[in-house]
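1. structure of the sequence below:
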Amino acid sequence: MLFNSLQYLVFLPTVFLLFWLLPHRARVPLLLVASYVFYMTWRPIYGLLILGLTVANYFLVNRIEKSQDKKKVWVGVTVAVNLVTLGVFKYLNFGLDTIKDGLALAGVNWHEPHLHILLPLGISFFVFEFIHYAVEVYRGKPVVKSIFDFALFASFFPTQIAGPIKRYQDFIPQLSIPAKFKWEYVDEGMQMILMGLGKKVLIADNLALVVQAGFSHPENFSSLDLWLITYAFAFQIFFDFAGYTDIARGSAMLFGYKVPINFNLPYLAANVSDFWNRWHISLSTWLRDYLFIPMGGSRCGKWLNYRNLFLTMALGGLWHGAAIHYLAWGAYQGALLIMHKEYSKGLEKVGVASKLLSSKLYHIVSIVVTFHIVCLGWVLFRADDLNIAGKILLKLAQAPSALTHFSSAQLAVLQIRDPIIFPSLVLIVPILMLSQVVVNWLNDKKFYQSPPWAVQVAVMVILMCVLTIFSPDSSPKFIYFQF
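-> Numbers count the residues shown, from 1 in each chain. Below is the predicted model:
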């Protein structure tokens, strides 16, 4: 079930009404059933997968807490169970293909078995939540007593498919609070849901048409065209994933629950390290806490620190998908973070004036440079393979032959046939981004009260009309729908 589907338009209000009509003790079971219904609308059989992992982790982690001298053994077993499950479903076919290619280089023709394994929705996300829970209990945090609360932590439908990756210490306590209905939940929740739908349908889905054409046949486009297409993907993936997160957070808020933010204006980052503090925050903090730090983090020598950083990002790239281009993208991010550290140390050694580094001009230049460095990485992420990525990157490195070439470029005849769509994107993207900045700032400063209900309803109706008018004929799946 997709957030931007008619099914969800019926499913969410139904669960919302039942939730607030039922007594508190029935709400967790209701959300648990609803979450499994939500998950099993795609492939019912995979409901058994998340159920089996939930039961296994519940009892294995209880063993971690009760063991006195074998805690490390039990946490190792628990993490292994989760990683093996993820490996079988996500990486087994990739591993077999890699072995086949390696044998082919040695002149051996091996026909690997076709296992027809379909990647379960959300497995990368709820496996990480299980591992987080096991490690935190190993470190001394209390276990979750109720198996129903624990099952809902893993399967909670707003965050089930593509996060944000929750922390159980933040989520579980909310389930025991007998909250009373507040109109603020609807106010804040609907604002986030509509903002998320706007990002997804109005911007990401229309940009997807440009991106698909460019990355499918890069040979048909000039250097300048491909730069514009690369920019298009940078904003497509942001508005697609940030839109998903907004809908997830808004849906959770309708029930009075808060889940973590995932984005904080990442394209305003002034360096790569800052970018990863703003982009997919729940993942970057997970990688830091459960991969980078356990490997030694920064508490070791310079080269070991860099090794840890590089491996963390490379494995983070592989987490995104079982393909070499995802691994290359992660390795690229790791290399960038290492270079940023060296660059910062170099500035300190040469004694660059702090006045220059703190100037607005330097900050603006840093944002522009960082954005373009990130965009080059998105080519590795989006391309179907390294061969296509290489072709695009080579063209991006070429100087445009002439501006007249752009005026007759194929961008004018991409799959965006409707002449109203492209101008609308040019207006909607900056307006939506600016409005997000202003709303965040006003919320932080608490300069305004919630507007009257009549105004809120009018705004929501207008947004729904805009969503209907400017949405493409068919809305593609969220980019992170099957990760």
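2. what sits against the closest residue to residue 3 other than its chain neighbours?
-> The spatially closest residue to residue 3, leaving aside those adjacent along the chain, is residue 247, at 4.5 Å (Cβ to Cβ, 6 or more residues apart in numbering). Every C-beta, even on glycine, is put in place using the N, C-alpha and C of the backbone. Residue 247 makes contact with 3-4, 158, 192-193, 196-197, 200, according to Cβ atoms under 8 Å, 6 or more residues apart in numbering.
3. and these, which is closest to residue 49?
-> Distance to residue 49 across those (Cβ to Cβ) is lowest for residue 158, with 19.5 Å.
4. pretty sure that closest one is touching residue 246, no?
-> No: here residue 158 does not reach residue 246: they are 10.7 Å apart, not a contact under Cβ atoms under 8 Å.
5. so which residue of this structure lies furthest out from the middle?
-> residue 107 (40.4 Å; Cα atoms, centre = their mean).
6. tell me the secondary structure for that residue?
-> In three-state terms, and counting by DSSP: H, G, I helix; E, B strand; the rest coil, residue 107 is coil.
7. give me the next element, helix or strand, following the host helix or strand of residue 72.
-> Assignment of secondary structure by DSSP states H and E places residue 72 within helix 71-105. Scanning the chain past helix 71-105 towards its C-terminal end, the next helix or strand to appear is helix 123-138 (assignment: DSSP H and E).
8. buried stuff in that following helix?
-> By neighbour count with 16 or more other Cβ atoms under 10 Å, helix 123-138 contains the buried residues 123-138.
9. so which of those residues comes closest to residue 318?
-> Residue 318 has its nearest neighbour among the buried residues of helix 123-138 in residue 124, at 10.5 Å by Cβ to Cβ.
10. what's the spacing between that closest one and residue 240?
-> Distance, residue 124 to residue 240, using Cβ to Cβ, to the nearest Å: 17 Å.
11. do residue 339 as well
-> For residue 339, the distance to residue 240 equals 28 Å [Cβ to Cβ].
12. of these two, who's got more company?
-> When residue 339 is set against residue 240 and neighbours are counted by other Cβ atoms under 10 Å, the residue ahead is residue 240, at 26 against 13.
13. that one and residue 204 touch, don't they?
-> Yes: using Cβ under 8 Å, residue 240 and residue 204 qualify as a contacting pair, with a distance of 3.8 Å.
14. now the helix or strand where residue 378 lies: how far from the chain's centre is it?
-> Following DSSP H and E, the helix or strand that holds residue 378 is helix 360-382. Averaged C-alpha coordinates place helix 360-382 at 19 Å from its chain's average position (Cα atoms, centre = their mean, to the nearest Å).
15. need the residues that contact it.
-> Contacts to helix 360-382, defined as Cβ under 8 Å, 6+ apart, come from residues 211, 215, 230-231, 233-234, 237, 267-272, 274-275, 320, 325-326, 328-329, 332-333, 336, 356, 386, 389, 392-393, 396.
16. contacts for the helix or strand just after it?
-> Proceeding N to C from helix 360-382, the next assigned helix or strand is helix 386-396, under DSSP H and E. The set of residues external to helix 386-396 that reach it, using Cβ under 8 Å, 6+ apart, is 215, 218-219, 221-223, 226-227, 230, 324-325, 328, 376, 379-380, 383.
17. care to break this structure down by domain?
-> 6-181, 264-382 (automatic domain parsing).
18. what's the helix or strand for residue 297?
-> With the criterion set as DSSP H and E, no secondary-structure element contains residue 297; it sits in neither a helix nor a strand.
19. what sits against it?
-> Counting by Cβ under 8 Å, 6+ apart, residue 297 makes contact with 305, 308.
20. give me the pLDDT for it.
-> The model reports residue 297 with a pLDDT of 84.
21. state the distance from it to residue 290.
-> 11 Å.
22. try residue 28
-> Using Cβ to Cβ, one obtains 27 Å as the distance from residue 28 to residue 290.
23. now residue 319
-> Here the distance between residue 319 and residue 290 works out to 12 Å (Cβ to Cβ).
24. can you report phi and psi for residue 261?
-> Taking degrees, to the nearest 10, you get phi -70, psi 160 for the backbone angles of residue 261.
25. so what's it up against?
-> 164, 245, 249, 281.
26. most neighbours among those, which one?
-> Compared across the contacts of residue 261, residue 245 has the highest neighbour count, 27 neighbours, by other Cβ under 10 Å.
27. buried residues in whichever strand or helix holds that residue?
-> In the assignment (DSSP H and E), residue 245 maps to helix 223-253. Counting neighbours by 16+ other Cβ under 10 Å, one finds that the buried residues in helix 223-253 are 223-227, 229-253.
28. quick revisit: with neighbour count, secondary structure and pLDDT added, can I get the contacts of residue 247 in JSON lines?
-> Listed next are the contacts of residue 247 as JSON lines, based on neighbours: other Cβ atoms under 10 Å; DSSP: H, G, I helix; E, B strand; the rest coil; pLDDT from 0 to 100:
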{"residue": "3", "neighbour count": "25", "secondary structure": "coil", "pLDDT": "78"}
{"residue": "4", "neighbour count": "20", "secondary structure": "coil", "pLDDT": "74"}
{"residue": "158", "neighbour count": "27", "secondary structure": "helix", "pLDDT": "93"}
{"residue": "192", "neighbour count": "19", "secondary structure": "helix", "pLDDT": "89"}
{"residue": "193", "neighbour count": "25", "secondary structure": "helix", "pLDDT": "90"}
{"residue": "196", "neighbour count": "24", "secondary structure": "helix", "pLDDT": "89"}
{"residue": "197", "neighbour count": "22", "secondary structure": "helix", "pLDDT": "87"}
{"residue": "200", "neighbour count": "28", "secondary structure": "helix", "pLDDT": "87"}
